[in-house]
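J.: All I have is the shape, not the residue letters:
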């Protein structure tokens, strides 16, 4: 074997590779309306329609009620980019050979997922900004600017467990059904954790099995509203769930690509 | 350069075995890529060409044998930073423009070509701002070729790069490949087309059923496949004919026999001498691709 001096890749270029992957991943999804429109527009539309108009008509226009609704919908809003950005894309890219191609290239380890995480985070920030604008202007949300910022910051990070759930779906689901599964999981978790309307009986008792429940309690705590349990416990549960799902997904991806 | 005088080896498979379920993809393949050569890997579908490349790129795990890329494991990023690749089946992100795809891929390399250089070398300047989804099949292959060369790789794997290209695009790609090899790069190119190997390759490896069945310069392979096909109606025994000098194979199909020979004239003289009532004699030059098919079939038997 020839002793070939292998080229050195300075750290600055490795970082550049990560940033460039994140940039192009976000760019391609912004340019894909089938992805970006539902992710960005649906939470705003749903929030405006169910959260503001219908709730307003039902007579629940008190500030307390409005704040509650707003916080519930932020959870829904930031779940989308994570669930769909990872769930559908990973499954599809696994199928279309893109992932294999990326593995053949000298792409830095982790850049594929880091780029998607960054993309989901950027989308989550935009969703949070839009929801906040709608909430404050027409949604009767009355929280101090500092509190709104805190909610936005915490919830933008809330995209991380959503990414983990999405990655798990993307790694295991066939490309053809990943979108359907992601949708069912998305809506299912939102309803079953009581984001949209209060639950009762067994459904209420088992809410803590859904990551959205913990995320919504964190959102409430960050908004200075009454929340159940300790934020640290919610955080720990979400972190543990994220770790487990990522590990399971990584195992599958390492095996099949 | 290694001590034995042979040009340095950049990538190597030795005794490589790989199966997918019941299908044997590679059956003890020995294969090496040397510095500065254009190596054509010829073989029919299912010969194991793509699997061999996949192993050299670390995309699959060997069942047995060894694989080395720049003296390291192909899983080593540092080894792959010397490598460019164009795969047979890949769907790139539809919404990205060709220049975005190049920008993204070249960021993985320590010292890539500039965007302009890449576009020019791959002959895709006009496609730079076109989204990938708007490209024709051939243009997609050209864009993928641009990704393979953008990192200034020392070793480039091209899996059937010219499939689906029109004549002009193919000529452009060939010219670029010749220039890259002249500049010191090594290229491994799989192809169905023996003409492509003839036009470009310094060395040819012929594969069939997961094994290497022939290896040599283009001329060696051409000599191997310069064969003639003799058909005639005769009662002579095919086993006897098969033993004649210059005869590679003889098979009976009903009243007729079919002979593959390197020395057609000698075989015909013997045939006519041995069977005075022989009829319906026909001698043709086996086409390159036909001879090539026979070569790979013989290996399979």
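T.: Yep, it's here. Fair warning: this is a prediction, and the values are worked out from it, not measured in the lab. Residues are numbered from 1 along each chain as shown, chains lettered A, B, ... in the order given.
J.: Helix, strand, or coil at residue A:90?
T.: The three-state label given to residue A:90 by DSSP: H, G, I helix; E, B strand; the rest coil is helix.
J.: Pull the contacting residues for it.
T.: By Cβ atoms under 8 Å, 6 or more residues apart in numbering or on different chains, the contact list for residue A:90 reads A:99, A:116, A:166, A:167, A:169, A:170, A:171, A:178, A:249, A:253. Where C-beta positions appear, they are placed from N, C-alpha and C, glycine not excepted.
J.: Equivalent analysis for residue A:35, please.
T.: Applying Cβ under 8 Å, 6+ apart, the residues near residue A:35 are A:29, A:84, A:85, A:88.
J.: Break chain B down into its domains, please.
T.: Annotated domains of chain B cover B:9-223, B:228-285 [automatic domain parsing].
J.: tell me the most buried of those?
T.: For these, the largest average neighbour count (mean count of other Cβ atoms under 10 Å in any protein chain shown) is found in domain B:9-223, namely a mean of 20.
J.: That domain near chain A at all?
T.: Yes: contact between domain B:9-223 and chain A, assessed by Cβ under 8 Å from any Cβ of the partner chain, occurs at B:9-10, B:12, B:35, B:57-59, B:68, B:70-72, B:77-83, B:85, B:87, B:89-96, B:100, B:103-105, B:107-111, B:131, B:151, B:154.
J.: These in strands, which ones?
T.: B:9, B:10, B:12, B:68, B:83, B:85 (DSSP state E).
J.: all strands for the chain, in order.
T.: In the absence of a named chain, this looks at chain A. According to DSSP E, chain A contains no strands.
J.: should've been chain B
T.: B:9-20, B:23-34, B:38-42, B:64-69, B:83-86, B:155-159, B:186-191, B:203-208, B:211-216, B:228-233, B:247-253, B:256-261, B:279-285.
J.: List the contacts of residue A:138.
T.: A:48, A:52.
J.: Quick check: the gap between it and chain B.
T.: Here residue A:138 is placed at a distance of 33 Å from chain B (Cβ to the nearest Cβ, to the nearest Å).
J.: Up against chain B, what does chain A have?
T.: Looking at chain B, the residues of chain A close enough under Cβ under 8 Å from any Cβ are A:1-4, A:6-10, A:13, A:16-17, A:20-21, A:24, A:27-29, A:31-32, A:96-98, A:100-101, A:103-109, A:257.
J.: Pull the contacting residues for the residue positioned nearest the centre of chain B.
T.: Residue closest to the average C-alpha location in chain B (Cα atoms, centre = their mean): residue B:41, at 2.3 Å. Residues near residue B:41 by Cβ under 8 Å, 6+ apart: B:49, B:52, B:188, B:189, B:190, B:191, B:204, B:205, B:207.
J.: Could you export these as JSON lines, including pLDDT?
T.: Listed next are the contacts of residue B:41 as JSON lines, based on pLDDT from 0 to 100:
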{"residue": "B:49", "pLDDT": "90"}
{"residue": "B:52", "pLDDT": "93"}
{"residue": "B:188", "pLDDT": "96"}
{"residue": "B:189", "pLDDT": "94"}
{"residue": "B:190", "pLDDT": "92"}
{"residue": "B:191", "pLDDT": "86"}
{"residue": "B:204", "pLDDT": "91"}
{"residue": "B:205", "pLDDT": "91"}
{"residue": "B:207", "pLDDT": "87"}
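J.: follow-up on the earlier one: so can I have CSV of the strands of chain B showing distance to residue B:267?
T.: Below are the strands of chain B laid out as CSV (distance: least, Cβ to Cβ, whole Å):
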stretch, distance to residue B:267
strand B:9-20, 38
strand B:23-34, 33
strand B:38-42, 27
strand B:64-69, 40
strand B:83-86, 44
strand B:155-159, 39
strand B:186-191, 31
strand B:203-208, 24
strand B:211-216, 22
strand B:228-233, 6
strand B:247-253, 5
strand B:256-261, 4
strand B:279-285, 9
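J.: wait, doesn't residue B:153 sit right on residue B:86?
T.: No: Residue B:153 is not in contact with residue B:86 according to Cβ atoms under 8 Å; the separation is 10.9 Å.
J.: follow-up on the earlier one: if any of the residues of chain A next to chain B are buried, put those into a PyMOL selection.
T.: Command for PyMOL that selects the buried part of the residues of chain A next to chain B, burial taken from 16 or more other Cβ atoms under 10 Å in any protein chain shown:
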select buried, chain A and resi 4+6+7+9+13+17+20+21+24+27+28+29+31+32+96+97+98+100+101+103+104+105+106+107+108
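J.: Filter the residues of chain A next to chain B down to the ones in helices?
T.: Filtering the residues of chain A next to chain B for membership in helices, criterion DSSP state H, returns A:13, A:16-17, A:20-21, A:24, A:27-29, A:98, A:100-101, A:103-104.
J.: Show me which pair in those residues is furthest apart.
T.: A:13 and A:29 (24.7 Å; Cβ to Cβ).
J.: Report the rounded mean pLDDT for stretch B:33-47.
T.: The pLDDT scores in stretch B:33-47 average 89.
J.: Stretch B:271-281 now?
T.: pLDDT averaged over stretch B:271-281 gives 90.
J.: What lies in contact with that stretch?
T.: Against stretch B:271-281 from outside (Cβ under 8 Å, 6+ apart): B:230, B:231, B:232, B:233, B:234, B:235, B:236, B:241, B:256, B:259, B:268.
J.: picking that back up, need the ones in helices among the residues of chain A next to chain B in a markdown table with pLDDT, can you?
T.: Formatted as a markdown table, these follow (pLDDT from 0 to 100):
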| residue | pLDDT |
| --- | --- |
| A:13 | 92 |
| A:16 | 94 |
| A:17 | 94 |
| A:20 | 95 |
| A:21 | 94 |
| A:24 | 94 |
| A:27 | 93 |
| A:28 | 91 |
| A:29 | 90 |
| A:98 | 82 |
| A:100 | 84 |
| A:101 | 88 |
| A:103 | 85 |
| A:104 | 89 |
